[in-house]
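**Q** Give me the fold of what follows.
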Amino acid sequence: MLIQSDQTKDTESSLLMNLAKVMAGDFSNQQQAFANPKDYAHIRVFFRPLPWEFFGAIGFYSEQVYDYDLWTPYRQGIHRLVDKGGHIYIENYSLQDPMLYAGAGHNKNIIETISPTSIERRYNCSMVFKQDGEMFRGGVEPGNKCLIHRKGVETYLVSDVEITETTWMSWDRGMDLNTGEQIWGSAKGPLKFEKRVSFASELPLSQL
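**A** Numbers count the residues shown, from 1 in each chain. Here you go, the predicted model:
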């Protein structure tokens, strides 16, 4: 029985690390934005590994920012990857004072200033990822309970993500809690990013 448990753990760790490796990077939708400038802004997405000691597990700092203003991100977050066997559960956290860490996506030194005491768990807003061939597909955990108040309306988040070794596609939408009508988010379809730089070498692989 002990041997079987060890084998299962190895398989789970491999799944988690495969996802972490494809997530770690600097992504840009430059091609999409230049082809359709009226519909898509040029956006950069950074997923930068945190030190192992932050969670005692694999974690990331993320930020989304317009390419013309890399020091003023419009979205920042902290993420902890948890192996659930057949899928990876990603806990999401907000930063209490996010602008203190603006630019950490492209400036590794800032990452070291983030403390576990500066984050708060965003309950009901975790993501669930499963592997599908060479791709990982993910979405917000079931229940429609990740609530975001925007445009004077209480909405729940719908988020669909597909990640490969070189691409990241995401589509976030806010749906009216009562009617299910889309209130915010792209009406034209998902954002399509390409990986500019991989940060996989920064992952604390030796800890697994």
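
**Q** Now do Q31: how many residues are near it, please.
**A** Q31 has 13 neighbouring residues, counting by other C-beta atoms under 10 Å. Every C-beta, even on glycine, is put in place using the N, C-alpha and C of the backbone.

**Q** Can you list the helices and strands that the helix or strand containing it packs against?
**A** Secondary structure here is read from DSSP states H and E; on that basis Q31 sits in helix 30-35. Other helices and strands packing on helix 30-35, by 3 or more C-beta pairs under 8 Å, 6 or more residues apart in numbering; DSSP states H and E, are strand 191-198.

**Q** Could you list the paired strands of the strand it packs on along with their orientation?
**A** Strand 191-198 has the following strand partners under DSSP bridges: strand 25-28 (antiparallel), strand 167-176 (antiparallel).

**Q** Which parts of the protein are helices?
**A** All helices of the chain, identified by DSSP state H, fall at 2-23, 30-35, 108-111.

**Q** Can you report how many residues lie near the residue lying closest to V197 once chain neighbours are set aside?
**A** Closest residue in space to V197, ignoring its immediate chain neighbours: D26 at 4.3 Å, by C-beta to C-beta, 6 or more residues apart in numbering. Around D26 sit 17 other residues, with neighbours defined as other C-beta under 10 Å.

**Q** For P142, give me its contacts.
**A** For P142, no contacting residues are found, by C-beta atoms under 8 Å, 6 or more residues apart in numbering.

**Q** All good on my end, thank you.
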